[in-house]
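Student: generate coordinates for the sequence data below:
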Amino acid sequence: MLKARLGYDFDERIARAVPFLFHPRVHPNALSLLGVLVSFGGAWAFSEGAFRLGAVIVLLGGVFDLVDGVVARRQGRVTTFGGFLDSSLDRVVDMALLLGLVVHYASRGAVALGWLAALALVATVLVSYTKARAESVVPDFKGGLLERAERIVILVLGGLTGWMPLALGVVAVGSVITAGQRIALAHRLMHELDVRRAQEAPRVA
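Tutor: Predicted coordinates:
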């Protein structure tokens, strides 16, 4: 994942960059919710065709997404619900941004691009669902071409450069491939699990 690629001292660098967010009264869950609200502004900007503004707002919202987990670890407030909330809100942001693009293109009669944004939306949801469903059976389920952070970065780059249709195409195709990869990986791992269970089951005489 993108966070892991930023280095082992990621938490320390974040703490030095935005120390004011690490005040004891700042709850990590509040940061997660604030990040969603900011990102909704980016989704609205996308729906209005203000792609550069939307990209900047999405980047700002992404700061809170990066920081909330660090704050939780630093404050000793890491909880199971906090992780669940953060993951759930990430899905809300993903859908809101792509829905904003669907609205933008559909309202302007760009039917093909509207369908492309809709495909990206459905594929993104499927990518997240396949991982969540697989993790309920197979611990530490990882794999796939495009993680969430990479998809967000691609959309931001599309907004900043004015190449949003290209960015949407990359996200749509990449997400379809990623979903396929995860389904194939889940099939292999779950088949191995079924085989082990069958071998370990007591045999009836």
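
Student: for the longest helix anywhere in the chain, name the packing helices and strands.
Tutor: In the chain, assigned by DSSP state H, the helix with the most residues is helix 164-200. On a contact count with 3 or more C-beta pairs under 8 Å, 6 or more residues apart in numbering; DSSP states H and E, helix 164-200 meets helix 80-107, helix 111-135, helix 148-161. All C-beta atoms are positioned from the backbone trio N, CA, C, and that covers glycine.

Student: and the first one, what's buried?
Tutor: It refers to helix 80-107. 82, 85-86, 89-90, 93-106 (16 or more other C-beta atoms under 10 Å).

Student: got it, and stretch 178-196?
Tutor: For stretch 178-196, a neighbour-count test (16+ other C-beta under 10 Å) marks T178, A179, G180, Q181, R182, L185, A186, L189 as buried.

Student: ends of stretch 45-55, how far apart?
Tutor: In stretch 45-55, first residue to last residue: 8 Å (C-alpha to C-alpha, to the nearest Å).

Student: quick one: least confident helix or strand in this structure?
Tutor: Of the helices and strands making up the chain, the lowest-confidence element is helix 2-5, at a mean of 52, by mean pLDDT, DSSP states H and E.

Student: how far does stretch 165-173 sit from its chain's centre?
Tutor: Centre-to-centre, stretch 165-173 and its host chain are 16 Å apart (C-alpha atoms, centre = their mean, to the nearest Å).
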